[in-house]
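[1] I'd like to go over a predicted model; first the sequence, then the structure.
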Amino acid sequence: MSEGNSEMRRDEEVLRLAGLRKSYNVGLPTEIEVLHGLDLSIRRRDFASLIGPSGSGKSTLLNLLGLLDSPTAGDLYPLGRATRKLDDEARTALRAEALGFVFQFHHLIPAFSAPENVMMPLLVSKGRPSQDTLERARGLLKQVKLESFADRKPGELMGGQQQRVAIARALITRPPLLLADEPTGNLDTKTAGGVFELFRHFNREYGCAVLIVTHDPRLSETCDRTIQLVDGTIVSDVSRAAAAS
């Protein structure tokens, strides 16, 4: 890929929100709107954090971004595709194509080895693993510096190592967007820093956009872009480059 094409790819929009609203108890006296018409664009080059106080709507927004719930009004467009009217099957297929997930708790399957855990998203969508799938899983484990632990099960790994397996699992489908929900919340400072650098690596080398949902201002400040959500509204969206200029 030429340098020009590579730059164009990094500028590709991978997610857009347009007038996104979410209400609960719709039509009842207790109806409440949690998200109030959000507009947002995420591109492959973005290494961003989403911050906000408890009750700001972060969890609700994350469920929508992950295609686990549907908006009440407006829509979101992963890879340019409208989602609000998709059925469950189409939503699941788009989620598998467009998104990778890393959570605070790794959710690895205890009975499976590290490569088997990494391959799980492809096993769910394609069934029996191919040799190519296994090689891709082992390649990712090497990139997250776990090649010497590749045949171990989660219970034989430390917390930071388990999270690295979870990162490799999230990237096995080569998603254009990685959503990370408090991914370093259970890790010590040194281990958290290593996990953060892995996100940086995949963002820079593979054009995988990263959106980290966090309450930690120190983590947010090391991102290139910070999106702040307060009372269901985006109150600021600051690029570090823009702030420094």
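    That came through, no problem.

[2] since we're on Val26, how many residues are nearby?
    Neighbour count for Val26, taken as other C-beta atoms under 10 Å: 11. For glycine as for every other residue, the C-beta is placed from the backbone atoms N, C-alpha and C.

[3] I figured it was touching Thr72, is that so?
    Yes - Val26 is in contact with Thr72 according to C-beta atoms under 8 Å; the separation is 6.4 Å.

[4] residue contacts, Ile107?
    I think there's a mix-up here, since residue 107 is His and not Ile. Residues near His107 by C-beta atoms under 8 Å, 6 or more residues apart in numbering: Ala166.

[5] low pLDDT regions in the chain?
    Along the chain, the model assigns pLDDT under 70 to residues 1-10, 124-129, 186-187, 241-245.

[6] And the helices in it?
    Applying DSSP state H to the chain gives helices spanning 3-10, 58-65, 88-98, 114-126, 131-143, 159-171, 189-206, 217-221, 240-244.

[7] what are the C-alpha coordinates of the second one, in PDB please?
    What follows is the C-alpha trace of helix 58-65 in PDB, where atoms were taken according to Å, rounded to 0.1, in the frame of the first residue of the first chain:
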ATOM      1  CA  LYS A  58     -21.300   6.100  29.400                       C
ATOM      2  CA  SER A  59     -22.600   2.500  29.900                       C
ATOM      3  CA  THR A  60     -25.700   3.200  27.900                       C
ATOM      4  CA  LEU A  61     -23.600   4.700  25.100                       C
ATOM      5  CA  LEU A  62     -21.200   1.800  25.200                       C
ATOM      6  CA  ASN A  63     -24.100  -0.700  24.800                       C
ATOM      7  CA  LEU A  64     -25.200   1.200  21.800                       C
ATOM      8  CA  LEU A  65     -21.800   1.400  20.300                       C
END
